[in-house]
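Enquirer: generate a structure from the sequence data that follows.
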Amino acid sequence: MIKLPILYALIVLFWACQKQVPSSQITDPVAERMLVYQRDNGGWPQPNGDPIDYEKELSPAEKEKIESEKHFEDTTIDDDATTREIRYLVEAYSNTKNHHYLHAAKKGILYLINAQNSAGGWGQFFPDTSSYRKHITFNDNSMIHVLEVLKKVSEGKESYEVLQKEFSYPARLAVEKGIQCILKCQYKQGNTLTVWCAQHDRNTLQPASARTFELASLSGSESVQILKFLMELETPSEDIKKSIQSGVAWFEKVKILDREVETLYDENGKAIDRRLKFSPGKILWGRFYDLQTNQPFVVGRDGIKKEKLEEIELERRLGYSYFGTYAEKLLKTDYPAWRQKWL
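Expert: Numbers count the residues shown, from 1 in each chain. Got it, this is the predicted structure:
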């Protein structure tokens, strides 16, 4: 039996695809290129693994090639793909009243709703579920970007009022299910709630590995945005309050004191290395923490945990963020304001 939200989405998708789209003389060049890249299933790809540069003009040959690939199922939410386009198209419609942009945004919303898995999460890609692409992904805040868009749709906030009539109900259900997924994924050390991994298995909800240098671990980066999203929820439940308090307590516990990241440059201004240096009063957090010991670690392309940044290859030291001031604003500003309001 098809579940009600999915059935509703399919019905609306059929309606949306059949409806005649009124034309408009006003166009937006960036929005026009987004229409070219949008796949038939409503999502957007990441050609060559990089975000699309919509400021770049397309030659007739390039446009023809991209449009010939519309049936490809390489759509993703990685690096803000699909959510970025939906946000822009909603604003573009607000500014131009060009219904082609609204129609494309609607198809994008339907893609997000249909991409939600049974656990309430989103994989990095959909419908592709090969390798780690099937995992629930908080990596680079992908799932949070989805929830933020759908929350605005459900509430009709900002320029999203034009989507509320058709999508407020399925978007609200998707957000509610997504929040429950977040709460269930929060990792426990014994009976103590901590934070989240960048990826979680879609069946067991346990932390999962992705690329060789992205091992199952507690994330000192992605967990910040998850907590900020939970803090923005109206009338938080006791479970949500507990989740936030536990996550903040973990961040307080795992601070790396008196250290900062230093990037070294050659005489031409090219980055040649990166290291941690002693810096009194400075605070960092690691990108990866051991699931049991809470010890920060780094890992290169060999997939082996290391304690020190200089122990991994230069390419990874320069090409990946292993340490940062990730939770600084969360602890200094966001959490105190939330605590004053709700506790």
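Enquirer: and the next element down the chain from the helix or strand where Lys63 lies?
Expert: Applying DSSP states H and E as the criterion places Lys63 in helix 60-67. Using DSSP H and E, the helix or strand that follows helix 60-67 in sequence is helix 83-96.
Enquirer: who does that next one touch, helix- and strand-wise?
Expert: Using 3 or more CB pairs under 8 Å, 6 or more residues apart in numbering; DSSP states H and E, the elements in contact with helix 83-96 are helix 29-37, helix 99-115, helix 142-155, helix 161-185. Bear in mind the C-beta positions are built from the backbone N, C-alpha and C, glycine included.
Enquirer: just want the angle from the longest one to helix 142-155.
Expert: Comparing the axes of helix 161-185 and helix 142-155 via axes from the mean of the first three to the mean of the last three CA atoms, to 10 degrees yields an angle of 140 degrees.
Enquirer: what residues of the helix holding Lys63 count as buried?
Expert: Buried positions in helix 60-67, judged by neighbour count with 16 or more other CB atoms under 10 Å: Ile66.
Enquirer: just checking, what packs against that helix?
Expert: Applying 3+ CB pairs under 8 Å, 6+ apart, one finds that helix 60-67 contacts helix 29-37.
Enquirer: distance to His200 and mean neighbour count added to the helices and strands packed on helix 83-96, as TSV?
Expert: Conversion of those to TSV gives the following (distance: least, CB to CB, whole Å; neighbours: other CB atoms under 10 Å):
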stretch	distance to His200	mean neighbour count
helix 29-37	29	18
helix 99-115	16	23
helix 142-155	10	23
helix 161-185	5	19
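Enquirer: to Arg84, which of the ones you listed lies closest?
Expert: Nearest of the helices and strands packed on helix 83-96 to Arg84, taken as CB to CB: helix 142-155 at 7.9 Å.
Enquirer: quick one: distance of the closest one to the chain centre.
Expert: Centroid separation for helix 142-155 versus its chain: 10 Å, with CA atoms, centre = their mean, to the nearest Å.
Enquirer: give me the angle between the helix holding Lys63 and helix 29-37.
Expert: Using the same axes, to 10 degrees: helix 60-67 against helix 29-37 is 50 degrees.
Enquirer: what are the contacting residues of helix 60-67?
Expert: Val36, Tyr37, Leu58 (CB atoms under 8 Å, 6 or more residues apart in numbering).
Enquirer: closest one to His135 out of the residues you listed, please.
Expert: For the contacts of helix 60-67, the nearest to His135 is Tyr37 (24.9 Å; CB to CB).
Enquirer: before we move on, back to that, can I get the contacts of helix 60-67 in TSV with distance to Gly178 and pLDDT?
Expert: Formatted as TSV, the contacts of helix 60-67 follow (distance: CB to CB, whole Å; pLDDT from 0 to 100):
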residue	distance to Gly178	pLDDT
Val36	30	98
Tyr37	26	98
Leu58	34	97
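Enquirer: and those residues as CSV, adding distance to Ser118?
Expert: Putting the contacts of helix 60-67 into CSV (distance: CB to CB, whole Å) gives the following:
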residue, distance to Ser118
Val36, 33
Tyr37, 29
Leu58, 38
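Enquirer: closest to Asp302 among those?
Expert: Nearest to Asp302 among those, with distances taken as CB to CB, is Tyr37, at 35.5 Å.
Enquirer: tell me the contacts of the closest one?
Expert: Trp44, Pro45, Ile52, Ile66, Glu85.
Enquirer: my read: Val153 touches Ala171, true?
Expert: Yes. Judged on CB atoms under 8 Å, Val153 makes contact with Ala171 at a distance of 4.2 Å.
Enquirer: quick one, domains of this protein?
Expert: 4-185, 250-342 (automatic domain parsing).
Enquirer: among those domains, which is nearest Arg202?
Expert: Across the domains of the chain, Arg202 has its closest neighbour in domain 4-185 (5.3 Å, CB to CB).
Enquirer: what touches both of Val153 and Ala171?
Expert: Common neighbours of Val153 and Ala171 (CB under 8 Å, 6+ apart) are Ile109, Leu163.
Enquirer: and for Val126, the neighbour number?
Expert: Heads up, residue 126 is Phe, not Val. If you count neighbours by other CB atoms under 10 Å, Phe126 ends up with 22.
Enquirer: thinking again about what came up before, looking at the contacts of helix 60-67, which is nearest Gly281?
Expert: Closest approach between these and Gly281, by CB to CB: Tyr37, at 46.4 Å.
Enquirer: tell me how far the closest one lies from Gly108.
Expert: Going from Tyr37 to Gly108 by CB to CB, to the nearest Å gives 11 Å.
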